[in-house]
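Novice: Return atomic coordinates for the entry below.
(2 chains)
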Amino acid sequence: MRLLKASLVKLIWRNCNSKTPVLLGNQSSWLTPIFHFTPCRTRNLCTTLVLRKDSTLSSDQTAEKLDLDVWKSVMLSPGLQEEKENENEEGALEGSGQDGEHSPLEATRELVETWRQAGRLVPEQMSEEQLQTLENLSTKSSKKKYLKYLAIKEGHKKARKVKQEKRRSERMIEMGEKKSEEGEEEGDAGGQLKNTFMLQFWQHSVDSLHNWRAAQAMLFGQPLVFDMSYEQHMSRRELENTVSQLLECEGWNRRSADPFHLHFCNLQPEGGYHRELVKRYGASWNRLLITATEQNYVDTFPHSQLVYLTADSPKVLKAFDHNKVYIVGSLVDRSIQTGVSLANAKRLKLATARLPLDEFLHWDTGAKNLTLDQMIRILLRLKDTGKWEKALEFVPKRKHEGFYQPRQTVRSGTFLTDKAKTFINRETGPTSSYKTRTFVNREMGPTISYKTRTFVNREAGPTNGAESKPLTQSGVQTVFKPKRFVTHDTQPKSKNNWWEEE
Amino acid sequence: MMSRMLRAGGDINLAKSLLAYVALETGTLPYELLLSYLTLCVQGSHHSEVFDVYDIMKTRFKALDTGACSLFVKGFSRTERWKEALPVLESIKKKIVPSPRNYSDVIAGAVRHGDSATAWALYSEILDKSLSPNQDTWRSLFESGLSDRGNDESLQSILFYMRDNQVYPEESLTKSIKAWFESLPGGKWTGRWSTVEPSAVCRSCRARLESIKLNEEEYGQLKDRVMKDIIEGQDVFNKTTPEELESFKTFVKRRPAFDVVVDGLNVANVTGKGCQSEMLLAVVSELEQRGLKILVLGRKHMQHPSRSWNRHHMRLIQEKAHCFFTENISEDDPFLLYAALHSGNHCNFVSRDLMRDHKACLPDISTRRLFFKWQRGHQLVLNSFTPGKTVRFQRIQGYDTIIQTDETSWHIPYDEDGGDRCSYEVPQKWLCLTRVD
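Specialist: From the prediction side, this is the model:
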């Protein structure tokens, strides 16, 4: 029994004498049987086991008691107090100097600092503007949320800086190594010139190409209107998000093969949109090749040409019309307000339309309101190709489960079941339906599928006369095709199968 | 870090040993560790520790954060040094608006030590800042009223506040109210737990309770507000168009006053099975048999014959009732409310919709209370049924579930402990206080 170590003995002693129950977790698991007895019995147990340590134990116990409060004396010690007085003095000097200017913000600054001290998610540096917005927020929870947003943004910036530093240092090391390898032959200029036949193509040239195209679009291109009249419906954060999306839109438009002529209509010069746009673009706002105007689009374009695109509209857009002017409302509704853009359209008695999302996509969960950059990419793709499958690629994949084809191309009397919602490539009409047929019968082996193939051909008869040739040709190929190509045809791809080029 | 584990209900001595270890190792204690230790002390009501921590933090740190201040307020209020909670409250006020919980702690402390003047001053501060007081605050104030007689008026004003804001007291608060009433000198109040019969009569004292019908003035005000805020709102185009609204107004003006307005789409979708127009026809026939003038509201797609909307059924419905069909993209519920209000106080409406989204369009709480009162008194909720069986509606309460008084009695509806009541339901249990002269 002398295996009991001194620390464990102390533990037992403390437990014997403490009045409150102790949750010691795993340690006490083997001690608990002892506690079935009354405390004095355990005490006897302890003392019988460690008689020799009795005197030391009592002093230990008083030492323990003192130990528990030693932190208080440490904290109240004069050494630390002097430090704090020094801090206070410095703080007072600073405070009196800045008091006149910043006294309304001092309280918020102090609030932020105390919250940082207490460990809440708060940024380390805050600008005057940010402090002012923080002060204008009235409730505690809104202040907390704003500070959390600033703290996360700061965290991203710091992480990026750290990464950049690391990359730079690695690159320096690499460069240093390379230089030592190459020796002194190349010299300074040689270090920069690469020995290659490819012409250096600078980003500047690409930019100027895009700008020329945008300028051409302004003269001859199809107009696309962004309606900026939703300032009252959005909060500050939503406005910032809208402007970010508009920036992206402009970028995608400029870089496309055939840009739209963008109009930002109803843009009030003193309004929130304008202020935010100028802040984001800076000097290049004046050099942008778009039209930003205060006027309403009803005044600029004839009434018959306007179509308002909104998700709440009952009419579905069937095909892209190159003569119409489409209007997109620049609204981010994190606070969901249904029907706002439709209300605008109703007031001006405009034609409305919505994208045919339900006709082409197997919708899962998610709002049918799309962001502005998704919209412009869809419209650009639609303008170029005229195909909805290609255009609706830009709808976020989390919102839908894939494209599907309504069952019009499925022939009756085939082996397909009713529930075959086949993910088919639209171009390969009858051939693809035949593909799944072979998949169904795959297990029977090649000979039998050949038989079914011929059987189908006979059955299809005169109606399929024109297609019988491609059928047999494709039939030979698909038997040997691996399974996965047949089932998961979600990608709207050109499969480059040799028979499709006919 | 370990302090957070200790917060799961650990021992104070363990926490102390951790602090001792950290202090000896590093020479100082970080603010967060002290803060979590403070939480532990306040939770476990270790008051001496709270005092010590307060001294330490005051000497060691320049300013305390709002969380620490709230904890100190709570800690001090439970002890004899409750007065020191007041300057801490002041320091919270400089940074943010203190929460009702902070006020409730200080008021409880003041009342426990007999200082009701401070308690009442703080309560008036709560009302000035338009915060909603906790039920605990009220309970402390009523308990103070048992000993201190000077504030009977103020205590009655609390009851009127609860009436105006449609707040139902919890069981513990109700017990304190009962105790206070019974301790009033001279009045000889007695309190009994009771319920109300469907005929609006209290079971214990046989007094008749306030009717659920609105009076003239309230009715006019509600009608006005529904038109302005629910139907028109910020932008009339959100729910309908001006032309449609005008045509509806003329429609209602020309027809005689209706007895019941039916929400066509809501009624038709009562059960999933069966043809929708059949459901509607059954309800309309039932109401017609009772001899009522009916208005059915729907949308234009109901007029197109389809599998759900049978042409024959729709023709029968149009013979039995007046019908109005709105555009498919307009909302039909605001029209329902307008028609029901316009026809007069006797007109009911049939719908299972809770109308909470329309109530939320109203700007202030008194109008919302009126709307809710009117809704409880006039909404006929359909029990689910199949077309063959008879149509049954849920009974409308004839009395208003709210704190009410006449000269000699008070009736207070209350929430039981452990009961689960949704916001659109009202409590069923009452406290009946009668005065015996």
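
Novice: Just say helix, strand or coil for B:Thr240.
Specialist: Under the three-state scheme (DSSP: H, G, I helix; E, B strand; the rest coil), B:Thr240 adopts coil.

Novice: Just to be sure, B:Ala179 is in a helix?
Specialist: Yes - with the criterion set as three-state DSSP, the secondary structure at B:Ala179 is a helix.

Novice: continuing past the helix or strand of chain B with the lowest mean pLDDT, what's the next helix or strand?
Specialist: Here the helix or strand of chain B ranked lowest by mean pLDDT, DSSP states H and E is helix B:2-6, holding a mean of 63. Tracing the chain C-terminally past helix B:2-6 and defining elements by DSSP states H and E, one meets helix B:12-26 next.

Novice: Between helix B:12-26 and whichever helix or strand comes after that next one, find me the angle.
Specialist: Using DSSP H and E, the helix or strand that directly follows helix B:12-26 along the chain is helix B:31-44. Helix B:31-44 and helix B:12-26 are oriented at 170 degrees to each other (axes from the mean of the first three to the mean of the last three Cα atoms, to 10 degrees).

Novice: ok, the very next helix or strand once past helix B:31-44 near chain A or not?
Specialist: Of the helices and strands lying after helix B:31-44 in sequence (DSSP H and E), the nearest is helix B:47-60. Yes - Helix B:47-60 comes into contact with chain A when judged by Cβ under 8 Å from any Cβ of the partner chain, the residues involved being B:52, B:55-56, B:59-60. C-betas here are computed from N, CA, C, even on glycine.

Novice: What subset of the residues you listed is buried?
Specialist: If you count burial by 16 or more other Cβ atoms under 10 Å in any protein chain shown, the buried members of the residues of helix B:47-60 next to chain A come out as B:52, B:56, B:60.

Novice: need the residues of the stretch 101-250 of chain A near chain B, please.
Specialist: For the stretch 101-250 of chain A, the residues in contact with chain B under the definition Cβ under 8 Å from any Cβ are A:107-108, A:110-111, A:113-115, A:117-120, A:138-140, A:143.

Novice: I'd like the list of the residues you listed that fall within helices, please.
Specialist: With DSSP state H as the criterion, helices contain A:107-108, A:110-111, A:113-115, A:117, A:140, A:143 from among those.

Novice: Mark which of these are buried, thanks.
Specialist: In these, the ones that pass as buried (16+ other Cβ under 10 Å) are A:108, A:110-111, A:114-115, A:117, A:143.

Novice: now the residues you listed in CSV, with distance to B:Leu71 and pLDDT?
Specialist: Converted to CSV, those look like this (distance: Cβ to Cβ, whole Å; pLDDT from 0 to 100):
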residue, distance to B:Leu71, pLDDT
A:Thr108, 22, 87
A:Glu110, 18, 87
A:Leu111, 17, 88
A:Thr114, 13, 87
A:Trp115, 14, 88
A:Gln117, 15, 85
A:Lys143, 19, 91
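
Novice: Which members of the residues you listed are the farthest-apart pair?
Specialist: Using Cβ to Cβ, the pair of these lying farthest apart is A:Gln117 and A:Lys143, separated by 16.0 Å.
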